[in-house]
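Chemist: Okay, here's the prediction I keep looking at, along with the sequence it came from:
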Amino acid sequence: MSIKGNGNGNANGSGLDREIVLEVARVTEAAAIAAARLRGRGNEKAADKAAVDAMRRELGRIPIDGTVVIGEGEMDEAPMLYIGEKVGTGEGPEVDIAVDPLEGTTICAKAMPNALAVLAISERGGLLHAPDMYMNKIAIGPGYPDRVVNLDATPAENLHALAKAKGVPITEIMACILDRPRHAELIKAVRETGAGVQLIPDGDIAGVIWTTDSRETGIDIYMGSGGAPEGVLAAAALRCIGGQIQGRLMPMKDEERARAEKMGIKDITKIFFLEDMASSDVVFSATGVTDGSLLDGVRFRGDFAETETVVMRSKTGTVRRIKTTLRAIGSRFIG
């Protein structure tokens with residue numbers, strides 16, 4: 001295992017110690033390897049289940065008293081990693097956990113770029129309990145004035161404000177948007193300003209994270225609607241590495257409004273900012289399943305698997321890129 005990063009990882013005074021930071025990397029590594037075995041097979045459900053099973057198994061080994069607040073669904077909908085499920089050994093700090101064992105099930109099934117296994121752990125109460133519904137989002141990277149963009153502003157207003165803050169003509173701004181029919185008007189409005197659009201087929205957590213390093217990725221802003229749970233996971237990453245995000249829930253039916261209220265969200269029109277979605281010390285880990293702009297995918301070489309993971313912590317600002325080689329023992333890869 002080789003580790004590159006910045007920050008010292010000192011966790012004094014926090015419920016999340018340095019050992020947990022590396023434990024979460026092992027969790028996403030296991031999920032990524034399990035999903036990668038099914039890359040390109042065209043079976044989204046099988047790949048997702050493999051990732052879920054592996055992630056749940058590894059979470060059970062960590063010395064934490066964990067509760068899943070962002071998971072694979074409600075208890076009656078998902079057999080594993082459902083919202084409210086207890087994970088960990090039961091001994092250790094009380095933490096909230098947000099998971100997306102396979103972010104980009106379709107792109108994994110098609111062996112396309114940017115599928116990830118993702119996990120965030122925070123101190124208890126540190127993550128928004130977001131219901132499984134759409135959320136309208138806007139996100140940018142670090143270094144800009146607070147709230148230079150606004151979810152209630154028009155695309156043109158936001159893009160012009162961002163270009164001015166960046167000190168570039170609007171023609172040099174690139175927006176990342178999920179390629180969905182519902183975004184047709186948004187895509188048109190962005191292009192009419194002179195800005196560019198990079199469409200992605202899936203994986204909006206990665207899309208948000210790309211905004212944090214526009215020189216490397218070419219992405220300045222993320223816009224459009226996607227899953228609310230993914231919004232919380234993206235906010236956890238941004239809390240660690242910098243940036244801004246705003247989101248508003250988009251319930252499509254009365255059942256979704258009732259679910260949001262049950263989870264403590266009384267004002268369905270509320271704009272959630274970064275500090276609302278990830279409010280305390282958080283550790284974020286993502287391992288590549290398929291090759292992508294953020295991470296390399298899993299490589300299988302005989303009895304070995306090679307992974308690339310990014311692990312980040314908000315309290316210290318630590319960002320580690322971890323290259324791991326794991327050896328197969330039986331049906332599992334051990335690292």
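Modeler: Structure's in. What do you need?

Chemist: which intervals of the stretch 101-250 of the chain have sub-threshold pLDDT?
Modeler: Judged by pLDDT under 70, the stretch 101-250 of the chain has no weakly predicted residues.

Chemist: Next, the buried residues of stretch 67-87.
Modeler: Residues of stretch 67-87 classed as buried under the neighbour-count rule (16 or more other Cβ atoms under 10 Å) are 67, 68, 69, 70, 71, 72, 78, 80, 81, 83, 85, 87. C-beta coordinates here come from the backbone N, C-alpha and C atoms, glycine included.

Chemist: Summarise which helices and strands the longest strand along the chain is packed against.
Modeler: Determined from DSSP state E, the single longest strand within the chain is strand 318-329. For strand 318-329, the elements it packs on are strand 2-6, helix 18-36, helix 228-241, strand 304-313, strand 332-334, judged by 3 or more Cβ pairs under 8 Å, 6 or more residues apart in numbering; DSSP states H and E.

Chemist: Turn these into JSON lines, columns for distance to residue 211.
Modeler: Output for the helices and strands packed on strand 318-329, formatted as JSON lines (distance: least, Cβ to Cβ, whole Å):
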{"stretch": "strand 2-6", "distance to residue 211": "20"}
{"stretch": "helix 18-36", "distance to residue 211": "21"}
{"stretch": "helix 228-241", "distance to residue 211": "8"}
{"stretch": "strand 304-313", "distance to residue 211": "15"}
{"stretch": "strand 332-334", "distance to residue 211": "32"}
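
Chemist: okay if I get those as JSON lines plus mean neighbour count and distance to residue 60?
Modeler: Output for those, formatted as JSON lines (neighbours: other Cβ atoms under 10 Å; distance: least, Cβ to Cβ, whole Å):
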{"stretch": "strand 2-6", "mean neighbour count": "11", "distance to residue 60": "25"}
{"stretch": "helix 18-36", "mean neighbour count": "25", "distance to residue 60": "10"}
{"stretch": "helix 228-241", "mean neighbour count": "27", "distance to residue 60": "21"}
{"stretch": "strand 304-313", "mean neighbour count": "23", "distance to residue 60": "19"}
{"stretch": "strand 332-334", "mean neighbour count": "16", "distance to residue 60": "13"}
